[in-house]
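*Asks:* how would this look folded up:
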Amino acid sequence: MSEWKRIKDDAGIRELWELANGFHDSCIVSALYSSGMYVTDDLAMGRGDAGDFVLELALRRQSEQTELRLRFIGVRAFHIEGFDEDRFGDIQDARLEFTDGFAQAPGKRVIFWSDWAEFSPADAEKGGASYAAADAMEWRFSR
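*Replies:* Next up, the predicted model:
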């Protein structure tokens, strides 16, 4: 299993984009979310820092035997599309970018990933695609 690689800039996005073939012919096979919330021993509610809100997606590509894991740290929002009779669920064209225009993080630069290239951060409240917006993103390949 490879080490986690953090995307820090547009060059990092391009590197992942090329290695993952733009996520073409991929699909989300699993998701794991940690909310950063907890209950103390005396039953008080607590909340961790932004970095404790983590979403990890596992993707498989039709042309590869490896799994690509995307880890979003400091999750601002995410949505995973469920079963839809009219949609197969494979990724033909994705979107990955840094943006300052995400409603759930006004004035903050976040990284935004969507399983549909035409689905922008402005579309997040409408639904219709799986997406994640977070303070940071890491990725790695695993077997």
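*Asks:* Relative to Asp49, how far out is the residue of the chain positioned farthest from its centre?
*Replies:* The outermost residue of the chain relative to its centre, with distances by CA atoms, centre = their mean, is Asp42 at 34.0 Å. Note on Asp42: its distance to Asp49, by CB to CB, to the nearest Å, is 21 Å. Glycine gets a C-beta too; all of them are placed from N, C-alpha and C.
*Asks:* Check whether Arg14 sits in a helix, strand or coil.
*Replies:* helix (DSSP: H, G, I helix; E, B strand; the rest coil).
*Asks:* burial of it, as a residue count?
*Replies:* Using other CB atoms under 10 Å, Arg14 has 12 neighbouring residues.
*Asks:* Now do the helices in this protein.
*Replies:* Along the chain, counting by DSSP state H, helices occupy 10-19.
*Asks:* what's the closest non-adjacent residue to the spatially most central residue of it?
*Replies:* Geometric centre of the chain, nearest residue: Ala132, 4.1 Å, by CA atoms, centre = their mean. In space, Ala132 comes closest to Phe78 once its chain neighbours are excluded; the distance is 4.2 Å by CB to CB, 6 or more residues apart in numbering.
*Asks:* That neighbour contacts Ala133, doesn't it?
*Replies:* Yes. The pair Phe78 and Ala133 qualifies as a contact (CB atoms under 8 Å) at a distance of 7.1 Å.
*Asks:* intersection of neighbour lists for the two?
*Replies:* Phe72 (CB atoms under 8 Å, 6 or more residues apart in numbering).
*Asks:* So those two - more neighbours on which side?
*Replies:* Ala133 (26 against 18).
*Asks:* Flag the shaky bits of this structure, pLDDT-wise.
*Replies:* 1, 86-88 (pLDDT under 70).
*Asks:* if we can go back for a sec, ok, the residue nearest to Ala132 - contacts?
*Replies:* With CB under 8 Å, 6+ apart, Phe78 has these contacts: 33, 55, 72, 130-134.
*Asks:* Write the PyMOL selection for whichever of those residues are buried.
*Replies:* The PyMOL selection below is limited to those of the contacts of Phe78 classed as buried (16 or more other CB atoms under 10 Å):
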select buried, resi 55+72+130+131+132+133+134
